[in-house]
Structures are given as structure tokens and as C-alpha cells.
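# This is the structure alone, sequence omitted:
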């Protein structure tokens with residue numbers, strides 16, 4: 001082989017050979033070690049930070065719900081004037097309640113004669129043992145309707161009885177406050193006084209009208225117009241199985257004579273009953289009188305009624 005051919009061939013071979021990588025010795029050793037360990041596919045320069053899924057504390061450092069202080073609601077009060085429900089706040093085991101029975105409506109006057117006054121409702125206070133989160137029912141049961149003057153244009157209508165305010169648990173009444181009876185309606189009497197009788201306060205019967213009969217002796221339903229010689233009574237109330245609501249007043253009644261000379265005012269209705277079921281109810285007291293609408297006040301955590 002000619003020298004020039006040898007040189008040409010040597011140059012060609014040199015150009016076809018793969019140039020040696022210029023990798024420092026210590027790095028080549030590291031790459032070789034990784035390849036032997038099966039991790040050659042992982043780029044050395046791209047390490048990723050491990051993701052921590054969870055951390056388990058040593059037993060002495062762990063806490064449980066038992067270590068937390070029980071939560072207790074801040075003191076407060078709620079007022080109800082219509083059917084509703086009350087959810088006992090967290091941490092509360094007793095509530096203080098005040099119930100006001102509604103006052104009865106006055107009877108209508110007529111031709112210068114006065115209708116009877118409606119009776120006062122009861123004011124009741126009590127303490128009830130409860131459980132946090134339980135639901136108590138709030139209800140207002142209407143009193144009896146007032147008597148009408150249907151068929152007699154010379155008579156005033158009797159007033160309706162006041163509503164009874166009540167708190168129940170699962171449909172069983174715990175405490176309730178009766179309403180006042182409705183006042184009796186007046187009558188246009190030719191002689192004497194045709195005023196209606198007053199409705200009874202909660203727990204008592206209505207009064208007699210000026211020239212008629214006394215009201216009922218128990219709480220409840222509405223008195224109706226009467227064509228009897230004497231004026232009609234205010235009716236007793238209707239029992240709901242636990243208490244009896246306030247009675248409505250009777251309308252003024254026509255007398256025996258066509259001129260109505262013997263007619264008189266209607267009798268007042270009786271007042272509603274108040275009471276408690278006992279058991280979880282303590283400190284029950286029915287006293288005073290309520291001259292407005294029926295209401296329920298509930299307080300907890302030491303808040304004042």
C-alpha cells in the first residue's frame with residue numbers, strides 16, 4: 001500500500017470513528033454505577049422532590065376529640081308568635097320558658113249598650129329539661145269563635161276566645177297557657193241594661209250578662225245566638241285531649257216578646273286552662289295576666305326571661 005493511500009485510509013477511518021465523550025472520570029464512574037443498579041434511565045440531573053402523603057405523629061403527640069372542651073351556645077332568647085319549632089342549642093340541657101295566653105275579644109256593643117269585655121289570658125313560667133339538638137314544637141290553639149247575631153239584627157256579636165300558647169315534645173304537650181274568654185254581645189233592650197257579660201280570665205268562667213245567664217265554667221267554643229227568653233250563655237271550650245281552650249262570648253239574644261222587651265246581652269265565654277305535664281317540667285307557675293296576643297318566650301344559658 002502506498003503511503004499516500006495509507007494516509008488517506010487513515011484519515012477516512014479517523015473520521016468514521018465515534019469521538020470519545022469528554023466526561024470527567026468521576027461522573028463516568030457514577031453513570032456506570034447507576035447502570036449496574038438498573039437506574040440508568042433516570043437522568044441524574046433531574047431529581048424530583050418526594051411527595052408526603054401523610055404524617056403519623058408519635059402516640060404521645062396525638063390528640064382525640066375527647067381532649068376538646070364541649071361546646072356550649074352563648075346565652076340567648078327566642079320569641080314566637082305563631083306555630084313554629086325550637087331547636088335546642090348545643091351544650092344546653094335546660095331552658096326557661098314564659099308563655100302568654102291570648103286575651104279574649106270584646107263583644108260588640110249595640111244601640112248604646114256595651115258589649116262584654118274579653119277575659120285576660122294566663123302568664124305561665126317554667127323550666128324544662130332538654131337535650132342539645134332536640135326539637136320542641138311551638139303551637140297556638142285558637143279559642144272558641146264568638147257568637148253571631150244571625151237572625152237578629154238588634155244583637156251584637158260575641159267576642160272570640162283568646163288563643164292558648166303551648167310547647168310540646170313529639171306531640172305531647174309539656175306546658176301551656178290558656179287564653180281569656182270572649183265577651184258577650186249587647187242587645188237593644190227596650191228597658192233596662194242590654195250589655196253583654198264579660199269573658200272569664202284564663203281558668204275561670206265568664207260572667208252573666210245584664211239580663212241573661214252566666215257564661216260557661218270551662219274553657220272553650222263559641223257562644224251562639226239564641227231565641228230563648230233569656231240571653232244565651234257563652235259556651236264552654238273544646239278539649240284537645242290535654243287542655244281546653246277559651247270560650248267565645250254569646251251574642252245578645254232576642255226576648256220572648258216580639259218587641260224584644262225581655263231581651264238581654266250575651267253571656268261571656270269562659271277562660272282557657274293552663275298547666276304542665278310534670279316530669280321534665282319544674283318551677284311551673286301560672287300567675288298574672290296577659291292582655292295582648294299569645295306568645296312564647298324561650299331563654300337558655302342563663303339569659304333572663
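Ah, there it is. Everything numeric here is computed off the predicted structure, so don't read it as measured data. Numbers count the residues shown, from 1 in each chain.

# quick one, phi/psi of the residue nearest to residue 76 when sequence neighbours are not counted?
In this structure, residue 76 finds its nearest non-sequential neighbour in residue 303, 5.6 Å apart by C-beta to C-beta, 6 or more residues apart in numbering. Just so you know, the C-beta spots here come from the backbone N, C-alpha and C atoms, and that holds for glycine as well. Dihedral pair for residue 303: phi -70, psi 150, per degrees, to the nearest 10.

# mind listing what residue 303 touches?
By C-beta atoms under 8 Å, 6 or more residues apart in numbering, the contact list for residue 303 reads 75, 76, 77, 96.

# Would you point out the most distant pair within the residues you listed?
76 and 96 (11.5 Å; C-beta to C-beta).

# More neighbours: which of these two?
residue 96 (19 against 13; other C-beta atoms under 10 Å).

# Pairing partners for the more buried one in the sheet, please.
Counting by DSSP bridges, residue 96 is bridged to residue 127, residue 299.

# who's in contact with it?
Residue 96 touches 125, 126, 127, 298, 299, 300, 303, 305, counting by C-beta under 8 Å, 6+ apart.

# ok, which pair from those residues is furthest apart?
Spatial extent of the contacts of residue 96 (C-beta to C-beta) is set by the pair 126 and 303 at 15.5 Å.

# distance of the residue nearest to residue 76 from residue 234?
Note on residue 303: its distance to residue 234, by C-beta to C-beta, to the nearest Å, is 39 Å.

# hey, where'd the strands end up in this structure?
Assigned by DSSP state E, the chain shows strands spanning 76-80, 84-87, 94-100, 121-129, 135-141, 164-169, 172-177, 275-276, 281-290, 295-300.

# Tell me which of those sits most buried.
With neighbours taken as mean count of other C-beta atoms under 10 Å, the strands of the chain reach their highest mean count in strand 164-169, at a mean of 26.

# just the angle between it and strand 295-300, please?
Going by axes from the mean of the first three to the mean of the last three C-alpha atoms, to 10 degrees, strand 164-169 is angled at 40 degrees with respect to strand 295-300.

# who does strand 164-169 touch, helix- and strand-wise?
strand 94-100, strand 121-129, strand 135-141, strand 172-177, strand 295-300 (3 or more C-beta pairs under 8 Å, 6 or more residues apart in numbering; DSSP states H and E).

# Quick one: mean pLDDT for stretch 168-180?
For stretch 168-180, mean pLDDT is 96.

# Could you work out the end-to-end span of it for me?
By C-alpha to C-alpha, to the nearest Å, the extent of stretch 168-180 from end to end equals 21 Å.

# what bits of the stretch 101-250 of the chain have low per-residue confidence?
150-153, 189-192, 211-213, 217-231 (pLDDT under 70).

# again, only using 50
Where the stretch 101-250 of the chain drops to pLDDT under 50, the residues are 225-229.

# State the distance from residue 276 to residue 86.
Taking C-beta to C-beta, one finds residue 276 at 17 Å from residue 86.

# before we move on, what about residue 169?
From residue 169 to residue 86 the distance is 11 Å (C-beta to C-beta).

# And for residue 137?
Distance from residue 137 to residue 86, counting by C-beta to C-beta: 8 Å.
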